[in-house]
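**Student:** here are the coordinates; sequence isn't available:
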């Protein structure tokens, strides 16, 4: 039972353009959502998060949008840079469930110069 | 240390042997997690320690897997009678008490790469 899904395993985008990564979840108890970025041979690093009381959070080139009714969140990266090439994981947690993070399967992003 | 520290960074073991993987979380972090990532797969939750509460072991794939956290700090993940399907990178992470609160995010170590031959 995959509670967090990233249906696009990969994404290719031209440098300078927008990258849009999508994530869907099924558990309505989730109240906090995060995006992590992972380079090969490294651990995931935190990128940006959003609480369920918000529908948008922005940090520099990164913006996360949350649509609770659709149980959908997305990460926008604009403008995309070659250094953004990595695997991106969305994750969700529920305070009622002890805040354990549940991850999606990841989306590999390739930004072409 | 400043970050989550894991050892060994790489481990090659023969099928059937036991392995121990160690995690030293960030000082002051009461929550500790183990995840694993098999080749081409996502992050799979294994076990979660939160303070003095009973650990959430719901992600452990079989009874060959166990984990301990001594003194509320260092954790050891033990895999007994390793199988080839256990080959993966095992990631440890830690956070402050309530990782869901803004600013209390989860920080990962660089992982222990396990290869069972």
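**Tutor:** Here it is on my side, so go on. Not measured: the values here are computed from a predicted model.

**Student:** name the residues of chain A found near chain B, please.
**Tutor:** Counting by CB under 8 Å from any CB of the partner chain, chain A comes close to chain B at A:6, A:31-32, A:34, A:36, A:41-46, A:49, A:51, A:89, A:91, A:93-95, A:98-106. C-beta coordinates here come from the backbone N, C-alpha and C atoms, glycine included.

**Student:** so where's the chain shaky on pLDDT?
**Tutor:** All of this refers to chain A. Scanning chain A with the threshold set as pLDDT under 70 gives A:1, A:98.

**Student:** you answered for a different chain; I wanted chain B.
**Tutor:** By pLDDT under 70, the weakly predicted segments of chain B are B:1, B:97-104.

**Student:** which parts of it sit against chain A?
**Tutor:** When proximity is defined as CB under 8 Å from any CB, chain B approaches chain A at B:4, B:31, B:33, B:35, B:41-45, B:48, B:50, B:53, B:56, B:91, B:93, B:95, B:98-102, B:105-111.

**Student:** those in strands, which ones?
**Tutor:** Among these, the members falling in strands (DSSP state E) are B:31, B:33, B:35, B:44-45, B:48, B:50, B:91, B:93, B:95, B:107-108.

**Student:** now do the contacts for the closest residue to residue B:24 other than its chain neighbours.
**Tutor:** Leaving aside its chain neighbours, residue B:24 sits nearest to residue B:5 (4.2 Å; criterion: CB to CB, 6 or more residues apart in numbering or on different chains). By CB atoms under 8 Å, 6 or more residues apart in numbering or on different chains, the residues touching residue B:5 are B:23-24, B:109.
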